[in-house]
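Novice: sequence first, predicted model second:
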Amino acid sequence: MTHMTARDGEDDALVQKAKPKLSPKTKAEQELAMVEQEFKKEYSQKVIYFCFVLIFFSNILINIDHGALPGCSLQIKKKLDIDNFKYGLLGSVVFGGLTLGSATGTVLFSKGSWIKPTLIITIFINATCCFLFTQSSNFYIMAFMRGLIGYFQIFICIYMPVWADQFGNEQQKSIWLTFLLLAAPVGNVIGFTLTYYMT
């Protein structure tokens with residue numbers, strides 16, 4: 001039978017002290033690194049980068065109309081024969097749609113299986129409303145279309161930062177989210193500039 005000496009006990013104590021104890025933060029970082037490695041195996045980084053670029057430019061495009069309307073204010077008021085109050089209503093009703101859509105979008109996106117069909121349907125309806133808005137000469141129809149544009153646009157706006165947070169790694173997330181936030185004012189400026197030179 002082997003007997004443990006005092007010297008052996010001291011050696012074991014020294015070994016235990018020598019072992020580095022991982023802090024909760026370090027463990028979390030290691031677990032996060034493991035998750036990212038598995039994620040990279042599952043998804044191609046080139047595809048993810050391509051999707052982000054596509055989402056970024058899509059975010060610019062869906063915000064162009066917010067700048068285009070002020071850029072042709074004189075032409076719209078003359079064509080529809082409306083005063084400043086009605087024109088202001090035409091420009092602001094879209095934000096009412098955005099507000100209502102935010103409440104609905106939160107509920108729909110909580111259902112995981114509904115995300116893809118919801119995005120496809122809302123993008124199609126948003127594009128249709130934009131087209132109908134440009135073809136109409138009736139103030140009330142145009143105001144209604146503007147409200148629908150805002151309502152169905154918010155679904156896309158909600159999902160974009162969620163996608164960036166889901167598919168971007170820890171170094172990319174903050175940069176990607178910043179670009180997505182910048183896309184809205186960039187779209188507004190482009191819309192205003194294009195409309196100014198086209199009218």
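Specialist: Happy to help now that I have it. Numbering: from 1, shown residues only.

Novice: how far away is residue 114 from residue 157?
Specialist: For residue 114, the distance to residue 157 (C-beta to C-beta, to the nearest Å) stands at 17 Å. To be clear about C-beta, it is placed using only N, CA and C from the backbone, and glycine gets the same treatment.

Novice: over to residue 169?
Specialist: For residue 169 relative to residue 157 (C-beta to C-beta), the value is 23 Å.

Novice: comparing these two, which residue is more hemmed in?
Specialist: residue 157 (19 against 15; other C-beta atoms under 10 Å).

Novice: quick check: the gap between the residue sitting nearest the centre point of the chain and residue 63.
Specialist: The centre of the chain sits closest to residue 160, judged by C-alpha atoms, centre = their mean, with a distance of 2.1 Å. Distance, residue 160 to residue 63, by C-beta to C-beta: 11 Å.

Novice: and residue 84, by the same measure?
Specialist: With distances taken as C-beta to C-beta, residue 84 is found 24 Å from residue 63.

Novice: do the same with residue 138
Specialist: Applying C-beta to C-beta to residue 138 and residue 63 gives a distance of 25 Å.

Novice: which one of those two is surrounded by more residues?
Specialist: The residue with more neighbours, out of residue 138 and residue 63, is residue 63; 21 against 10, by other C-beta under 10 Å.

Novice: what is the burial count for the closest residue in space to the more buried one that isn't next to it in sequence?
Specialist: Take residue 63 and drop its neighbours on the chain: the residue closest to it by C-beta to C-beta, 6 or more residues apart in numbering is residue 187, 2.9 Å away. For residue 187, the neighbour count with other C-beta under 10 Å is 22.
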